[in-house]
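Colleague: Could you work out the structure for the sequence below:
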Amino acid sequence: MIYLFILFLWLGFIGSLNDISISLGIIISIAVVKISEYFLKEEIKGVVELFISAIGRIIQMYKTTFKMLPFLIKKSYTGLVPVDVNNKTDSEKAAIANCITLTPGTMFIFEENNHLIIHKVDKSPDEAHNPNNVWKGELF
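Modeller: Okay, here's the model as predicted:
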């Protein structure tokens, strides 16, 4: 996996896919991994996996952003929806608020009387004021 990652990185920086650049990329990839393993032992694999994971999360954020574009272009409705967080600690409330904010079309506004007030965007006024699809289940 790490060999392919470095090879694709090499080919991306070189910018050509001829035989010489691919062959040289394979040789450079093997050399970089072997030299890194010698000096860094197993740490390089963790760094590469972390980097690939970060790229995956960034791509997911862009996908979520593009899901919200129709709400900005077409007619949409907004509403404030309470979510009951009775018997939750402050850290659980914060985690639930973060999860709700990361969901497309919802955003945490404030906490009031053991309820999280959520701003929701949806296709109809009834759905915009409906708390059913905002948060389900337990976090912890």
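
Colleague: Mind giving me the packing neighbours of the helix or strand of the chain with the lowest mean pLDDT?
Modeller: Across the helices and strands of the chain, mean confidence by mean pLDDT, DSSP states H and E is lowest for helix 43-73: a mean of 74. If you count contacts as 3 or more CB pairs under 8 Å, 6 or more residues apart in numbering; DSSP states H and E, helix 43-73 packs onto helix 2-14, helix 19-40. The C-beta positions use only the backbone N, C-alpha and C, and glycine is treated the same way.

Colleague: ok, now with 10 Å
Modeller: helix 2-14, helix 19-40, helix 90-102, strand 115-122 (3 or more CB pairs under 10 Å, 6 or more residues apart in numbering; DSSP states H and E).

Colleague: what does the first one contact?
Modeller: This means helix 2-14. Applying CB atoms under 10 Å, 6 or more residues apart in numbering, the contact partners of helix 2-14 are 17, 20-22, 24-33, 36-37, 44-45, 47-49, 51-52.
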